[in-house]
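Q: Structural data only, the sequence is not supplied:
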């Protein structure tokens, strides 16, 4: 049962990292469609709190990088606490 939980956390983390990368690429392209809206809706709960904490920079938004690092840190912590290898 614990393996199932850790596997679900791994899958969630990997999907969110991919969605954050897609979000970054979509932010460079000025299109507005349903796919973009869905990606932003799914990643906003992770990105927006990080944006509030980080200081504003002129052109670069570091919140996706920090969100990915936090996700991977959480994933690592779960593996360490459960003693289940990657």
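A: Received it, and whenever you're ready, just let me know what you need. Computed from a predicted model, the values in this text were never measured in an experiment.
Q: Confirm for me that residue 84 is in contact with residue 6.
A: Yes. Taking CB atoms under 8 Å as the definition, residue 84 is a contact partner of residue 6 at 4.9 Å. Where C-beta positions appear, they are placed from N, C-alpha and C, glycine not excepted.
Q: burial of the residue lying closest to residue 66 once chain neighbours are set aside, as a residue count?
A: The spatial neighbour of residue 66 that comes closest, neighbours along the chain excluded (CB to CB, 6 or more residues apart in numbering), is residue 50 at 4.9 Å. Other residues lying near residue 50 total 18 when counted by other CB atoms under 10 Å.
Q: what's the helix or strand for residue 50?
A: Taking DSSP states H and E as the definition, one finds residue 50 inside helix 34-53.
Q: same question, residue 3
A: Element membership for residue 3 (DSSP H and E) is helix 2-28.
Q: for that helix, packing partners?
A: helix 34-53, helix 63-82 (3 or more CB pairs under 8 Å, 6 or more residues apart in numbering; DSSP states H and E).
Q: between those helices, which one is nearest to residue 17?
A: Using CB to CB as the measure, helix 63-82 is the one of those that comes nearest residue 17, at 5.5 Å.
Q: Could you check the angle the helix holding residue 3 makes with helix 63-82?
A: For helix 2-28 and helix 63-82, the angle between their directions (axes from the mean of the first three to the mean of the last three CA atoms, to 10 degrees) works out to 170 degrees.
Q: buried stuff in helix 2-28?
A: Using 16 or more other CB atoms under 10 Å as the test for burial, helix 2-28 gives 6, 9, 13, 16, 17, 19, 20, 22, 23, 24, 26.
Q: how about residue 72, what does it touch?
A: Contact partners of residue 72, counting by CB atoms under 8 Å, 6 or more residues apart in numbering, are 13, 17.
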